[in-house]
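Visitor: generate coordinates for the sequence data below:
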Amino acid sequence: MGRERGAALEPGDPERLGRYRVVGRLGGGGMGQVFLAAPPDGRAVAVKVVRAELAEDPGFRRRFVREVEAARRVSGPFTAAVIDADPEGTPPWLATEFVPGLSLKAAVGAHGPLPDGTVRALGAALAEALEGVHAAGVVHRDLKPSNVLLAADGPRLIDFGIALASEGTRLTVTGAMVGTPGFMSPEQVRGGEVGPASDVFALGAVLAYAASGAGPFGGGSAHALNYRVVHGSPDLTGVPPGLVDVVARCLDKDPGRRPTVPGLVEELGRASRAWPPGGAGWLPEPLTTEITRTVPAPPLARTAVVTAPYQGPPPESPPRRRLARGRALTGLAGVTVLVTVAAALLLTGGGPDAGRGGHASRAAELRPPVLKQLWSYGGDASWPPQLKDGTLYFGDGDGVVHAVDARTGGARWKRDRAWGGGNSLFIAGNRVYVSGYADSSRDSDSSRVFALDAASGRRLWEYPAGTLLLGEALSGRNMYLFHRTSDAKKSLVYALDTGTGKRTWAHETGIVWEMTAHENVVYYVASTYDEPGPQLHALDADTGKRLWKVPFSDDLHSRPQSLNVIGGVMYAIGEDGTVSARDPGNGALLWKTPTNLRDVSDSGLPVLSGGVLYVSGNADSQGDGGQAVAFNAKTGAVMWRRGLPQVSSSPTVSSGTVYVVTKTGELHLLNTGDGASLGKVTLADDRDPNAVVSGGVVYFGAGDGHLRAAAVTR
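Guide: Numbers count the residues shown, from 1 in each chain. Just a heads-up that it's a prediction; the model follows:
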């Protein structure tokens with residue numbers, strides 16, 4: 001395991017694991033925490049400690065023992081060797097070689113695509129690593145850029161053989177699978193047999209990423225990526241001509257037509273000028289310089305937030321429909337700096353799109369925003385919390401739903417095993433609706449949609465979902481859901497009675513992408529193989545009978561990433577970046593405006609305020625091209641746009657200020673009139689803080705296992 005920077009140990013962290021003295025934190029993920037540790041001989045190791053709830057699962061224990069034994073048989077210069085393990089321990093742990101270096105994801109993110117020779121050398125090394133993994137009877141199953149470490153003496157493949165152990169546990173959300181969208185093979189997406197050829201497909205996707213800086217199947221939501229993997233052609237733009245052929249063959253839909261791993265070792269090794277890795281010139285000089293500086297460092301101290309008394313509850317925000325964001329299950333390869341909140345107060349610089357007529361310089365003269373902590377609660381939200389009637393509701397990574405007093409941070413209630421960890425949670429009326437598991441088995445058959453009493457957390461009813469909950473809507477006396485059927489070309493839209501949880505009607509259709517409900521109509525966009533593009537459907541919310549159907553896009557065959565009815569108008573954001581407005585009565589197009597917002601799956605829904613539609617999103621899912629854009633809600637004309645780091649939430653508008661949270665851990669404040677920067681505050685260092693803003697208070701996680709509330713004032 002590699003790392004970029006260590007973090008201090010926290011109360012409750014182990015001091016020793018077996019013969020290893022724990023000296024710092026390296027990161028965390030779906031299976032548990034990773035620590036930097038020192039054995040008696042002084043050679044640094046990375047120790048993964050399995051989460052308690054997984055350790056209590058007998059099935060996981062059996063698989064973990066088996067997979068650790070197989071992983072210990074893997075050898076070779078391009079794998080991070082398993083050095084020691086105690087799969088029967090309390091807790092179970094696994095120690096691997098510590099590799100000072102950068103992940104491929106971090107390297108490409110910081111320095112851009114790698115040169116041709118380096119990619120060939122990388123491909124040959126990873127193929128050789130896979131050869132050793134497969135020889136030990138292991139299939140990696142989750143080869144992706146963050147599981148590849150670049151070191152001065154060559155790359156390392158990490159986390160081999162561990163993904164399988166987590167299958168069938170609470171980590172594998174119903175309808176999801178172990179793996180990363182965009183890097184999984186078609187057979188893995190379909191739930192079919194996964195073998196060495198699946199790793200070859202992932203290797204092709206990783207090489208395309210290394211060579212071009214983007215995955216071959218684009219960005220967006222998990223189900224959109226999975227659909228392209230199964231049905232679309234890879235985009236190899238930017239891959240050097242000499243590499244296109246081998247990458248394309250690796251990405252063949254048919255596993256039998258992909259090259260073998262030994263063949264790739266020979267082909268890529270023979271063609272690489274920089275072979276073997278570790279020699280002079282294997283990496284570009286800027287990367288080599290950065291990597292050679294990456295050595296174990298003492299834990300970092302961070303500045304704490306200024307604490308101030310709270311003066312009362314914030315104004316309420318209307319309940320918001322949340323769509324499942326489909327994040328992939330990940331291993332522990334990523335390196336996360338776990339920090340407390342910093343009170344750094346910085347003003348953003350003015351760019352060419354920052355506003356008109358000297359507004360940026362005027363904003364710089366304003367008082368900078370100040371962040372004052374109000375309270376801290378021991379629970380970290382997996383998604384942005386939702387606020388209703390003075391209570392914050394959120395699900396954490398351990399499958400628990402929390403209800404917290406928004407004024408004091410005191411716990412109102414907790415409900416275990418009522419959250420799928422990567423599904424949906426939304427509030428309507430006096431109910432909290434979540435998808436999760438009915439019992440401790442956490443398998444497909446126990447998948448449920450739960451209705452909880454918002455005041456007490458008491459379970460009111462449950463319904464067997466049968467698959468991952470991809471979307472939801474609520475209107476009248478029913479709630480509406482959709483999911484994929486066993487036929488990959490079809491989806492089922494259905495209604496549940498909110499009082500009893502019983503199904504009242506069902507409607508079979510094509511592949512549903514987005515859905516919403518307003519007044520007494522359910523709207524969804526679906527694709528079929530016998531129509532030229534996505535179609536917008538309207539159903540009677542009481543009966544499920546179709547009212548009408550129109551093409552979703554006239555000249556752009558684009559599925560939506562966001563669909564909502566606000567103020568009597570339906571607004572949608574297409575995968576091609578087009579923002580459109582439609583008449584919800586008949587689906588007629590009112591206006592459409594092209595933008596470059598091609599990734600809004602994580603940034604939520606548009607917001608309407610004072611006749612202006614505010615939208616935030618990203619140019620893609622890989623780079624830093626975030627934007628906030630304001631449209632004239634009547635005509636669709638762009639009023640202003642503001643460049644930002646990658647955004648992670650819907651904008652919030654209050655008292656002349658637009659609040660936008662970024663994946664870099666910042667909260668940006670913009671002027672509603674012209675988009676000029678009013679400053680920014682740091683919530684968390686280089687991580688998505690899963691934040692929501694209401695009434696001048698931001699509720700967020702900083703990566704230290706706590707939900708925090710802080711007032712933002714100027």
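
Visitor: list the buried residues of stretch 489-499.
Guide: Buried residues in stretch 489-499, counted by 16 or more other Cβ atoms under 10 Å: 491-496, 498. Where you see a C-beta, it was placed from the backbone N, CA and C, and this is true even at glycine.

Visitor: mind putting those residues in TSV, pLDDT and secondary structure included?
Guide: Converted to TSV, the buried residues of stretch 489-499 look like this (pLDDT from 0 to 100; DSSP: H, G, I helix; E, B strand; the rest coil):
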residue	pLDDT	secondary structure
Ser491	83	strand
Leu492	86	strand
Val493	89	strand
Tyr494	89	strand
Ala495	89	strand
Leu496	89	strand
Thr498	86	coil
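
Visitor: closest to Met515 out of those?
Guide: In terms of Cβ to Cβ, no member of the buried residues of stretch 489-499 lies closer to Met515 than Val493, at 7.0 Å.

Visitor: from what I see, the closest one and Met479 are in contact.
Guide: No. The pair Val493 and Met479 does not pass the contact test of Cβ atoms under 8 Å, sitting 11.8 Å apart.

Visitor: longest strand in this structure, please.
Guide: Scanning the chain for the strand with the most residues, using DSSP state E, yields strand 20-29.

Visitor: check which helices and strands it sits against.
Guide: strand 32-38, strand 45-50 (3 or more Cβ pairs under 8 Å, 6 or more residues apart in numbering; DSSP states H and E).

Visitor: repeat that for 6 Å
Guide: Strand 20-29 sits against strand 32-38, with contacts defined as 3 or more Cβ pairs under 6 Å, 6 or more residues apart in numbering; DSSP states H and E.

Visitor: residue ranges of each domain in the chain, please.
Guide: Structural domains of the chain, as assigned by automatic domain parsing, span the residue ranges 49-91+98-293, 306-713.

Visitor: dump the ones you listed into JSON lines; add distance to Glu10 as well.
Guide: Below are those laid out as JSON lines (distance: least, Cβ to Cβ, whole Å):
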{"stretch": "domain 49-91+98-293", "distance to Glu10": "13"}
{"stretch": "domain 306-713", "distance to Glu10": "7"}
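
Visitor: pick out the shakiest of those domains, pLDDT-wise.
Guide: Ranked by mean pLDDT, these end with domain 306-713 in last place, scoring a mean of 76.

Visitor: returning to that earlier point: out of the domains of the chain, nearest to Glu15?
Guide: Taking the domains of the chain one by one with Cβ to Cβ, domain 49-91+98-293 is closest: 12.4 Å.

Visitor: starting at the chain centroid, how far to the closest one?
Guide: Here domain 49-91+98-293 is found 18 Å from its chain centre; the criterion is Cα atoms, centre = their mean, to the nearest Å.

Visitor: with stretch 650-657 instead?
Guide: Centroid separation for stretch 650-657 versus its chain: 24 Å, with Cα atoms, centre = their mean.

Visitor: double-check that Pro259 belongs to a helix.
Guide: No. Counting by DSSP: H, G, I helix; E, B strand; the rest coil, Pro259 is not found in a helix; it is coil.

Visitor: I'd guessed it sits against Arg249; true?
Guide: Yes. If you go by Cβ atoms under 6 Å, Pro259 and Arg249 touch, sitting 5.4 Å apart.

Visitor: Gly18: which of the domains of the chain is closest?
Guide: Comparing the domains of the chain by their distance to Gly18 (Cβ to Cβ), the top pick is domain 49-91+98-293, with 5.7 Å.

Visitor: list the buried residues in the top helix by length along the chain.
Guide: When secondary structure is assigned using DSSP state H, the longest helix within the chain turns out to be helix 116-135. Buried residues in helix 116-135, defined by neighbour count with 16+ other Cβ under 10 Å: 116-134.

Visitor: what's the answer for stretch 143-156, then?
Guide: Residues of stretch 143-156 classed as buried by neighbour count (16+ other Cβ under 10 Å): 143-152, 154-156.

Visitor: swap in stretch 589-601?
Guide: Of the residues in stretch 589-601, those buried by neighbour count under the rule 16+ other Cβ under 10 Å are 589, 591-593, 595, 597-601.

Visitor: and for stretch 385-405?
Guide: Neighbour-count burial for stretch 385-405 flags 385-388, 391-404 (criterion: 16+ other Cβ under 10 Å).

Visitor: sitting in strands, which of these do you find?
Guide: Cross-referencing those with the strands (criterion: DSSP E) gives 386-388, 391-395, 401-404 as the overlap.

Visitor: and of those, the nearest to Gln535?
Guide: Each of those was scored against Gln535 by Cβ to Cβ, and Gln386 proved nearest at 30.7 Å.

Visitor: which SS class is the nearest residue to Glu88 once chain neighbours are set aside?
Guide: When the adjacent residues along the chain are set aside, Glu88 lies closest to Val65, with 7.1 Å between them (Cβ to Cβ, 6 or more residues apart in numbering). State at Val65, reduced to three classes by three-state DSSP: helix.

Visitor: over to the one 5 residues further on?
Guide: In the three-state summary, Ala70 is assigned as helix, counting by three-state DSSP.

Visitor: thought it was touching Gly137?
Guide: Yes. Using Cβ under 6 Å as the test, Ala70 is close enough to Gly137 to be in contact (5.5 Å).

Visitor: so the two - more neighbours on which side?
Guide: The residue with the greater number of neighbours, taking Ala70 and Gly137 and applying other Cβ atoms under 10 Å, is Ala70; the counts read 18 against 13.

Visitor: JSON lines for the ones in strands among the buried residues of stretch 385-405, including distance to Ala710?
Guide: Rendered in JSON lines, the data for these read as follows (distance: Cβ to Cβ, whole Å):
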{"residue": "Gln386", "distance to Ala710": "18"}
{"residue": "Leu387", "distance to Ala710": "14"}
{"residue": "Lys388", "distance to Ala710": "20"}
{"residue": "Thr391", "distance to Ala710": "18"}
{"residue": "Leu392", "distance to Ala710": "13"}
{"residue": "Tyr393", "distance to Ala710": "19"}
{"residue": "Phe394", "distance to Ala710": "16"}
{"residue": "Gly395", "distance to Ala710": "21"}
{"residue": "Val401", "distance to Ala710": "23"}
{"residue": "His402", "distance to Ala710": "18"}
{"residue": "Ala403", "distance to Ala710": "20"}
{"residue": "Val404", "distance to Ala710": "14"}
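
Visitor: of those, closest to Gln561?
Guide: Relative to Gln561, the closest of these is Gln386; by Cβ to Cβ it sits at 20.0 Å.

Visitor: coming back round to it: out of the ones in strands among the buried residues of stretch 385-405, who's nearest Pro216?
Guide: When these are ranked by distance to Pro216 (Cβ to Cβ), Gly395 comes first, at 32.1 Å.

Visitor: thinking Thr516 is in contact with Val525, fair?
Guide: No. Taking contact to mean Cβ under 6 Å, the distance of 9.7 Å between Thr516 and Val525 leaves them out of contact.

Visitor: higher neighbour count, these two?
Guide: Here Thr516 and Val525 are set side by side on neighbour count (other Cβ under 10 Å), and the busier one is Thr516, at 28 against 24.
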